[in-house]
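**Student:** let me see the structure of the following:
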Amino acid sequence: MFKKIPLFVLFGSILLLAACGGKPEGDFSIDVKDFTYTNQDGEQVSKNDFEGKIWIADFIYTTCLTECPQMTYNKQRIEKALKEEGIEEVEFVSFSIDPEVDTPEVLKEYGEVRGIDFANGNWTFLTGYDYDTIREFAVSSFKTIAEDMNDGTYAHGVSLTIVNPEGKAIKQYNGMYLTEEEIEEVVEFIDSML
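**Tutor:** Okay, the predicted model is just below:
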């Protein structure tokens, strides 16, 4: 029949399995492609600038009146919750999907109107490419859409994507609807990566 396993062997095995857990890996692993784009200050920013850092990325455009302001607001809620836990190393990155309209100056104003403090250096809005480039980048690096609807609007994903220090997109949250519990989950997940 069944052999009895000594308790010390059972507990030892559990501890060994727990110790092998390592850092959380998220729900998927997608390499974010190399890029060099222009930020809200007109400076060149590349993927290398985020090496070794955790960042939360999304795709927005400044003339969007619905999803984009809400996504930005929810990133601010996450930032506030992280700071309350003493976590200030996270970067917040937004890629414009309307680069013709969203110049560095327009992106800077978009952030400032929403109370983003660029002096802290952890918020980056990116532009400086053509539409086809960002459309392909959104699909290849984040598995999200960015479609020009030819009426001044864009269909785009509303995910806030966590990118790990190795430059891989690993987890997504709905940027439109984040409950307090989900924000706590984001904070806990990021804290477990540090």
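**Student:** what ranges does this structure have for its strands?
**Tutor:** 30-31, 36-38, 44-46, 55-60, 91-96, 123-126, 146-148, 154-156, 159-163, 168-174 (DSSP state E).
**Student:** mean pLDDT and distance to Ile183 for those strands - can I get that in CSV?
**Tutor:** For glycine as for every other residue, the C-beta is placed from the backbone atoms N, C-alpha and C. Below are these laid out as CSV (pLDDT from 0 to 100; distance: least, Cβ to Cβ, whole Å):
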stretch, mean pLDDT, distance to Ile183
strand 30-31, 98, 23
strand 36-38, 98, 28
strand 44-46, 98, 26
strand 55-60, 98, 12
strand 91-96, 98, 14
strand 123-126, 98, 18
strand 146-148, 95, 25
strand 154-156, 95, 22
strand 159-163, 98, 11
strand 168-174, 97, 9
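**Student:** beta-bridge partners for the residue nearest to the spatial centre of the chain, please?
**Tutor:** What sits nearest the mean C-alpha location of the chain, by Cα atoms, centre = their mean, is Ile56, with 1.9 Å. With DSSP bridges as the criterion, Ile56 is bridged to Phe92, Ile162.
**Student:** redo the strands of the chain as a markdown table? Include distance to Gln76.
**Tutor:** Putting these into a markdown table (distance: least, Cβ to Cβ, whole Å) gives the following:
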| stretch | distance to Gln76 |
| --- | --- |
| strand 30-31 | 25 |
| strand 36-38 | 22 |
| strand 44-46 | 20 |
| strand 55-60 | 11 |
| strand 91-96 | 8 |
| strand 123-126 | 9 |
| strand 146-148 | 22 |
| strand 154-156 | 19 |
| strand 159-163 | 11 |
| strand 168-174 | 14 |
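**Student:** quick one: closest of those to Ser140.
**Tutor:** Nearest to Ser140, of all these, is strand 30-31, at 8.4 Å by Cβ to Cβ.
**Student:** partners of the closest one in the sheet?
**Tutor:** Strand 30-31 is paired, per DSSP bridges, with strand 168-174 (antiparallel).
**Student:** what is the burial count for Ile183?
**Tutor:** By the criterion of other Cβ atoms under 10 Å, Ile183 has 17 neighbours.
**Student:** check Thr62 too.
**Tutor:** 21.
**Student:** ok, it to Thr72 distance?
**Tutor:** For Thr62, the distance to Thr72 equals 10 Å [Cβ to Cβ, to the nearest Å].
**Student:** got it, and Ala81?
**Tutor:** For Ala81 relative to Thr72 (Cβ to Cβ), the value is 15 Å.
**Student:** more crowded one of the two?
**Tutor:** Thr72 (24 against 17).
**Student:** for that one, give me its contacts.
**Tutor:** 60, 94, 111, 114, 116 (Cβ atoms under 8 Å, 6 or more residues apart in numbering).
**Student:** send me stretch 77-91 as PDB with only the CA atoms.
**Tutor:** In PDB, the C-alpha atoms belonging to stretch 77-91 read as follows (Å, rounded to 0.1, in the frame of the first residue of the first chain):
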ATOM      1  CA  ARG A  77      -3.000  56.000  -8.800                       C
ATOM      2  CA  ILE A  78      -0.500  53.200  -9.100                       C
ATOM      3  CA  GLU A  79       2.400  55.700  -8.600                       C
ATOM      4  CA  LYS A  80       0.700  57.000  -5.500                       C
ATOM      5  CA  ALA A  81       0.100  53.500  -4.100                       C
ATOM      6  CA  LEU A  82       3.800  52.600  -4.800                       C
ATOM      7  CA  LYS A  83       5.100  55.700  -3.100                       C
ATOM      8  CA  GLU A  84       2.900  54.900   0.000                       C
ATOM      9  CA  GLU A  85       4.800  51.600   0.200                       C
ATOM     10  CA  GLY A  86       8.200  53.300  -0.200                       C
ATOM     11  CA  ILE A  87       8.600  52.100  -3.800                       C
ATOM     12  CA  GLU A  88       9.800  54.900  -6.100                       C
ATOM     13  CA  GLU A  89      12.000  53.000  -8.700                       C
ATOM     14  CA  VAL A  90       9.200  52.300 -11.200                       C
ATOM     15  CA  GLU A  91       9.100  54.100 -14.500                       C
END
